[in-house]
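# Pasting the sequence and the predicted model now:
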Amino acid sequence: MSTLSGPGPAPQALGRGPARSGPPETSRTARQHAPITATGLAVKVVLLGLVAGIAIWAAFPLVAARLWVGLAILVATTAGLGYLYLTRRHIPAKYLVPGTIFLIAFQVFPVLYTASTAFTNFGDGHRGSKDDAIVAIETSSVKQVPGSAEYALAIATTGDPATGPLVFLLTDPATGRVSAGNADGLRPLDAADVTVAGSGRVTAAKGYTVLNVGQASVRSEEITALVVPTSGGAVRSNGLSRAYEGRAVRAYDRGCDCVTDGETGRTWTADAETGAFVAADGERLAQGWQVGVGFKNFARVLTDPDISGPFFGTLLWNFAFAVGSTGFTFGLGMAIALALHSPRMRGTNLYRVFLILPYAMPSFAMLLVWRDMFNTDFGLVNNLFGLGVDWFGEAWSARLAVLLVQLWLGYPYMFLVTTGALQAIPKELTEATSVDGASPWQSFRAVTLPLLLVALSPLLIASFAYNFNNINAIWLTTEGGPFAPDNPTNGATDLLITYTYRLAFGAQGAEFGLAAAVSIFIFAIVATVSAVSFRRTRQQEEVYS
Amino acid sequence: MRIRTAGVVTVLGLALAASGCGGDNSNDEPATKATSQAAGGKLVIWADDKRTAALKPFAEKFGQDNGVTVEVQAVSKDLQTNFVTASQQGSGPDVVVGAHDWIGNLVQNGAIDPVQLAAEQKSGFNETAIKAVTFNGQLYGVPYATENVALIRNTALAPEAPKTIEDLVATGKKLKADKKASEILCLQSGQNGDAYHIYPLYTSAGGYLFGTAANGDYDPKDLGVGKPESIEAFKKIGKLGEKGDGALKRSITGENSIATFTGKKCAFLVSGPWAIADAKKAGISYDISPVPGFAGGKQAQPFVGVQAFYVAAKGKNKALAQEFVTNYVTTPELAVALYQAEPRPPALTAAFDQVKGADPDLAKFSEAGKGGQVLPAIPAMAAIWDPFGKAEAAVIGGADPAKTVTAAGKTISGQIK
């Protein structure tokens, strides 16, 4: 899901940087002889210390897991960073490396990860490896042997409580007989050698040390792993004070690569293409595993009529929504900025404070408030204007409503950036047009607007890209609705992102593979639109600069 | 631990990235698994905020009595998803507390293990609760509370409990005509419907979601949505809708239904035990009765949900987790403590009997849940909620029931694997 920040990226610095002053040679020598200030040194020590600290903190788990490659990379990176900032050379790298690291970690890496997920069936029921699935199938089929005893259990050892071999001391509640069990089997104990408490549990036995809960819980994994074979199955611990005779009904057979049910005789054969055990009649076991599926997810997006059918309608509205959100907010924001920019305007600061208020409120909460304001019977909008409009119940009113909400949320941002850009336009230019006899409208059209667009186009493109995937704006208001009665999967205000979110996570469990494939498609669309827009902007800049 | 995991993953990511080697992220996961193995004699429990507070004192006592450390961690959002993801990475808890309809998904992801309860332990529980946590013939959790919706009415406006929906609508219409209330019934729907709250009416009108398989579980292959019975049911629901009686409205949502009831704008509210605190705060004189069915129809069956404790399959301390879940959660003291944290009827009969004297509402909710249907825990249920709710909303808004329900049935069966 996208972030919950405001309706656009943070304003960028306008205009271009100042021309470089002085020959580069001089500046480099000057820097090399720059004195080391105390503050500079302190900042450097703290930051490098922090890097080293994080590296050490991250090293322990890597060592424990014997991930030597990871450790080597960690050491190399830390050493590299240390060298870079302790040497006086490589000045450009000093500036570039932190940004590059963050770019790779938070942009490139997630994109690659998403792309690799798109080629798998990763999702609910297909999360782990095949071995995980087999373990899960076998453990979840362990059943108590019918008619078998429920034992009172005491965990004991013949050696040291922390390390000695474990033994189950089992009391049969019906007969009171005590036996000792380990991986070799059960062995009855002489009643004279054991002390049994009222609960039936053995508290002391000759030749054994009985572990208390604290001691036993430290060796939890060994206790769970210990099964005492019996004729009907095996005695397994159930916690630390009870044991039962159980049998895994389903077992995996490596020979046929299948799972067999001992009770019904049914077999499920592993299918490496779907990552599941499938019976002859097509029935699948719920526990599957993750496999690569090639282009299947992409093919499904293109060929599944449920997905591709409403795709173009949704895409059209998606463009309309992104263009509308950006265009209307820009129009209103610019109009207000122009009005407040006029020298005849008084009390502009007060106006500005009020105008920025919507931007200062968390959009997450505001979207929910707006959703309730559009309620047919209880909403503020209908009550205030005496209307009975079913805002979110009709396609066009719902579209209008979400665009209105977007307008309210987004115009302060556009107002802010336009105000900034207006102040950067030299007054002489507009004055020159009025001297030439142009009307204010002509002057705006011919001078102010083009210059504004040169500065603001990148921000408008960014705003478009943001709104194209603005899942919150839809999900928190209409949830994509209203839906046609005969199609609950695609609503009138659905964006591609809300539509696919429903497809990938609304069905029987989450399908991350499919979701990743769709997000690659969306990425391609947004990237193409942005690239084309930036090209055109550059041409525009060449015209006006 | 989880923060550390995230940190390690990030740092390793950074390290990988910085050296220009973006590959093999999967190495991160065993890293955390191995470090955590060092922790011994420690039990980690994940629960939501409210239950964490109730569990803490009890868990501490369990720890002190047995010489182990018990950590109860609050996961306030998306507990189920977080639990599945964390156990896959090996950084999950030993015990998790949650609703029983998670079981299907938790099992298909291999995240929980079956629990073994002795026959005499099982018999101490409410039968429906045990049925709810049984999946594929195995017991997967130890229940501690049940919950279901009932009809809560404002006795100042409607002194008599309605016998049928028709009675309710008649009373509601009269109150509306007398300007004593502005709505007939507060049953939350919203623009996209609410399958959980409409379900009693759907069953009373003859609809069903899943048929029952031979072993008593719900059968995802026998889908009731889209069948003639469901179309008939939705026709009846449509008659109560905006174009009919106006008792069901899309403008009544999860956010405003309880507030509208406590604001005395409607005399009847369909909701669960969680609504009672608000009604008490608003000083409303109320009574609780089963959700009435249609005249001449079947019994209105609400969904019965169960809250349960689960043993994580990939926990580090499974033996201790089993000990805690099977031998300590089954004691009435904990059930009563959890009831006091949030008043839902305890699943343990002994605990229920202990608290019902002091809280008459409890018995009434439990009565309303009698004959209710266990909320299906099969993974296929996840495919029901959204299309079913939307069909409900469309029909309430006046859409053609046959067309709408058929489309919903088609969508649901398309999403069930």
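Alright, I've got the coordinates. Numbers count the residues shown, from 1 in each chain, chains lettered A, B, ... in the order given.
# contacting residues around residue B:68?
Residues near residue B:68 by CB atoms under 8 Å, 6 or more residues apart in numbering or on different chains: A:213, A:214, A:217, B:41, B:42, B:43, B:62, B:320. For every residue, glycine as well, the C-beta is placed using N, CA and C.
# Can you list phi and psi of the residue nearest to the fifth one when sequence neighbours are not counted for me?
Right, the one you point to is residue B:42. Closest residue to residue B:42 apart from its sequence neighbours, by CB to CB, 6 or more residues apart in numbering or on different chains: residue B:69 at 4.5 Å. When read as degrees, to the nearest 10, the backbone of residue B:69 gives phi -100, psi 130.
# Could you verify that residue A:413 is part of a helix?
Yes: under DSSP: H, G, I helix; E, B strand; the rest coil, residue A:413 sits within a helix.
# and the residue nearest to residue B:42, what pLDDT?
Per-residue pLDDT puts residue B:69 at 89.
# Next up, the contacts around whichever residue of the stretch 101-250 of chain B sits closest to chain A.
For the stretch 101-250 of chain B, the residue closest to chain A is residue B:110, as judged by CB to the nearest CB, at 3.0 Å. With contact set as CB under 8 Å, 6+ apart, residue B:110 has these partners: A:127, A:128, A:132, A:133, A:135, A:136, A:140, A:287, B:313, B:314.
# Let's have the residues you listed in JSON lines, adding pLDDT and distance to residue A:520.
Conversion of the contacts of residue B:110 to JSON lines gives the following (pLDDT from 0 to 100; distance: CB to CB, whole Å):
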{"residue": "A:127", "pLDDT": "88", "distance to residue A:520": "21"}
{"residue": "A:128", "pLDDT": "87", "distance to residue A:520": "24"}
{"residue": "A:132", "pLDDT": "88", "distance to residue A:520": "27"}
{"residue": "A:133", "pLDDT": "90", "distance to residue A:520": "27"}
{"residue": "A:135", "pLDDT": "88", "distance to residue A:520": "33"}
{"residue": "A:136", "pLDDT": "90", "distance to residue A:520": "31"}
{"residue": "A:140", "pLDDT": "87", "distance to residue A:520": "35"}
{"residue": "A:287", "pLDDT": "89", "distance to residue A:520": "28"}
{"residue": "B:313", "pLDDT": "91", "distance to residue A:520": "33"}
{"residue": "B:314", "pLDDT": "89", "distance to residue A:520": "31"}
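# all strands of chain B, in order?
In chain B, the strands defined using DSSP state E lie at B:42-47, B:69-74, B:95-99, B:112-113, B:134-135, B:138-139, B:142-147, B:150-154, B:210-212, B:218-223, B:268-271, B:286-289, B:303-312, B:373-374.
# I'd like the ones you listed as a markdown table, with mean neighbour count appended.
Listed next are the strands of chain B as a markdown table, based on neighbours: other CB atoms under 10 Å in any protein chain shown:
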| stretch | mean neighbour count |
| --- | --- |
| strand B:42-47 | 24 |
| strand B:69-74 | 18 |
| strand B:95-99 | 25 |
| strand B:112-113 | 27 |
| strand B:134-135 | 22 |
| strand B:138-139 | 18 |
| strand B:142-147 | 25 |
| strand B:150-154 | 26 |
| strand B:210-212 | 15 |
| strand B:218-223 | 17 |
| strand B:268-271 | 26 |
| strand B:286-289 | 19 |
| strand B:303-312 | 25 |
| strand B:373-374 | 20 |
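# Would you convert the ones you listed into CSV that also reports distance to residue B:362?
What follows is the strands of chain B, written out as CSV (distance: least, CB to CB, whole Å):
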stretch, distance to residue B:362
strand B:42-47, 22
strand B:69-74, 25
strand B:95-99, 19
strand B:112-113, 29
strand B:134-135, 24
strand B:138-139, 25
strand B:142-147, 10
strand B:150-154, 11
strand B:210-212, 29
strand B:218-223, 28
strand B:268-271, 15
strand B:286-289, 10
strand B:303-312, 14
strand B:373-374, 19
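# right, so of these, which gets closest to residue A:330?
strand B:69-74 (43.6 Å; CB to CB).
# and the closest one, what does it pack onto?
Strand B:69-74 is packed against strand B:42-47, helix B:49-66, with contacts defined by 3 or more CB pairs under 8 Å, 6 or more residues apart in numbering or on different chains; DSSP states H and E.
# what's next to it, contact-wise?
By CB under 8 Å, 6+ apart, strand B:69-74 touches B:41-49, B:52, B:55-56, B:59-60, B:62-63, B:93, B:324.
# can you do 7 Å?
B:41-49, B:52, B:55-56, B:59-60, B:62-63, B:93 (CB atoms under 7 Å, 6 or more residues apart in numbering or on different chains).
# Can you show me the CA trace of it as CSV?
What follows is strand B:69-74, C-alpha atoms only, in CSV (Å, rounded to 0.1, in the frame of the first residue of the first chain):
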residue,chain,number,x,y,z
THR,B,69,9.5,-16.3,31.7
VAL,B,70,6.2,-15.4,30.0
GLU,B,71,6.0,-12.5,27.7
VAL,B,72,2.6,-11.3,26.5
GLN,B,73,3.0,-9.0,23.5
ALA,B,74,0.2,-6.9,22.1
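# Quick check: whichever residue of the stretch 151-300 of chain A sits closest to chain B vs residue B:323, distance?
The nearest approach of the stretch 151-300 of chain A to chain B comes at residue A:214, 2.8 Å away (CB to the nearest CB). As judged by CB to CB, to the nearest Å, residue A:214 and residue B:323 stand 12 Å apart.
# And those two? Which one has more around it.
residue B:323 (28 against 17; other CB atoms under 10 Å in any protein chain shown).
# list the contacts for the closest residue to that one other than its chain neighbours?
Leaving out its chain neighbours, the residue that sits closest to residue B:323 by CB to CB, 6+ apart is residue A:239, at 3.2 Å. With contact taken as CB under 7 Å, 6+ apart, residue A:239 is in contact with B:319, B:322, B:323, B:326, B:327.
# Next one, pLDDT for residue A:239 please.
Residue A:239 is assigned 85 on the pLDDT scale.
# same check, this time on residue B:25
If you check residue B:25, the pLDDT there is 36.
# Kindly report the same for residue A:527.
Looking at residue A:527, its pLDDT is 89.
# Could you say which helix or strand holds it?
helix A:512-544 (DSSP states H and E).
# packing partners for that helix?
Counting contacts by 3 or more CB pairs under 7 Å, 6 or more residues apart in numbering or on different chains; DSSP states H and E, helix A:512-544 packs against helix A:109-117, helix A:296-303, helix A:449-468, helix A:496-506.
# Residues touching the third one, excluding its own?
Applying CB under 7 Å, 6+ apart, the external contacts of helix A:449-468 come out as A:8-9, A:12, A:14, A:318, A:321-323, A:325-326, A:330, A:417-418, A:421-422, A:424-425, A:526, A:530, A:533-534, A:537, A:540-541, A:544.
# okay, now the nearest residue to residue A:534 once chain neighbours are set aside: neighbour count?
Using CB to CB, 6+ apart and skipping residues adjacent in sequence, the residue nearest residue A:534 is residue A:461, 6.4 Å away. The local packing count at residue A:461 equals 20, with neighbours defined by other CB under 10 Å.
# if I look at residue A:461, how far off is chain B?
Separation of residue A:461 from chain B (CB to the nearest CB, to the nearest Å): 27 Å.
# Could you check how far that residue is from residue A:533?
Residue A:461 sits at a distance of 5 Å from residue A:533 (criterion: CB to CB).
# ok, now residue A:145?
According to CB to CB, residue A:145 stands 70 Å off from residue A:533.
# again with residue A:365
Distance, residue A:365 to residue A:533, by CB to CB: 32 Å.
# quick one, which of those two is more surrounded?
Between residue A:365 and residue A:533, counting by other CB under 10 Å, residue A:533 is the more crowded of the two (17 against 11).
# contacting residues for the more buried one?
Counting by CB under 7 Å, 6+ apart, residue A:533 makes contact with residue A:461.
# one more time with 10 Å, if that's ok
Counting by CB atoms under 10 Å, 6 or more residues apart in numbering or on different chains, residue A:533 makes contact with A:457, A:458, A:460, A:461, A:462, A:464, A:465.
# Could you check the pLDDT of it?
86.
# Relative to residue A:540, how far out is it?
10 Å.
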